[in-house]
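Asks: Give me a 3D structure for the following:
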Amino acid sequence: MTRIAIVDPQPAIRAGLALLLRGEPGLVPVGAAAGASDAADLLARERPDVVLLEPALLDGDGIALCRRIAREAGSPRVILYTARPAAELELLARVAGARGMIDKAHPPDTVFEVIRRVARGDDALPPLTRAQLDAAAHRVDPDDLAVLAMLVDGTPDADVAATLRLDGRRSRRRIERVIGRLRAPASPRPAA
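Replies: Numbers count the residues shown, from 1 in each chain. Model prediction:
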């Protein structure tokens, strides 16, 4: 049995997903939350295997929530479930520690398959293109290219800190700075 939590601001999406999941063998919805504040309680109480997470939450930042969930040992695997997939979100999903991404327009069978793949420990993220990586490299400071590369590779925060020889607090600041730059509107880097 794969236990699934749903975090989405839309009541109809939460109810519809729960209904679909209840009808699929081996997939069990264990609860739903409207936002980041409710999600923490839900995850602690139900301990799901997988979280379907809308990145655009009304009460918080779904990417930051994904990152918090993914950093904890023994945490559920996160799948971003969005109506607005974009190249920028594909990269953010990867650096935030999501294990999958699904467009809400996909049919239920695709959703079920992605959930099963992620629950088995496989990734279900679209591959990043060279153009996406180049664009990301131009958005971060040159000093942070190594951080970006490690995040794209899925390197745990502790290993990022050890590799850069930074304490945990300084390493987290660098990681958050990279994520902030990736989220900011693209602008050309000034010439050196």
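
Asks: mind checking how far residue 134 is from residue 86?
Replies: 16 Å (C-beta to C-beta, to the nearest Å). Where you see a C-beta, it was placed from the backbone N, CA and C, and this is true even at glycine.

Asks: wait, I meant residue 59
Replies: 22 Å.

Asks: Also residue 108?
Replies: Residue 108 is 23 Å from residue 86, where distance means C-beta to C-beta.

Asks: Now do the helix or strand of the chain with the lowest mean pLDDT: distance to the chain's middle.
Replies: Least confident element among the helices and strands of the chain, by mean pLDDT, DSSP states H and E: helix 87-96 (a mean of 88). Relative to its chain's centre, helix 87-96 lies at 7 Å (C-alpha atoms, centre = their mean, to the nearest Å).

Asks: Same question for stretch 1-19.
Replies: Put simply, stretch 1-19 sits 16 Å off its chain's centre (C-alpha atoms, centre = their mean).

Asks: Over that stretch, what's the mean pLDDT, rounded is fine.
Replies: Averaging pLDDT along stretch 1-19 yields 96.

Asks: Identify the residues contacting that stretch?
Replies: Residues from elsewhere that reach stretch 1-19 (C-beta atoms under 8 Å, 6 or more residues apart in numbering): 21, 26-36, 38-39, 42-43, 46-54, 56-59, 62, 65, 76, 81, 104, 111, 115-116, 119.

Asks: That's all I had, so thanks and see you.
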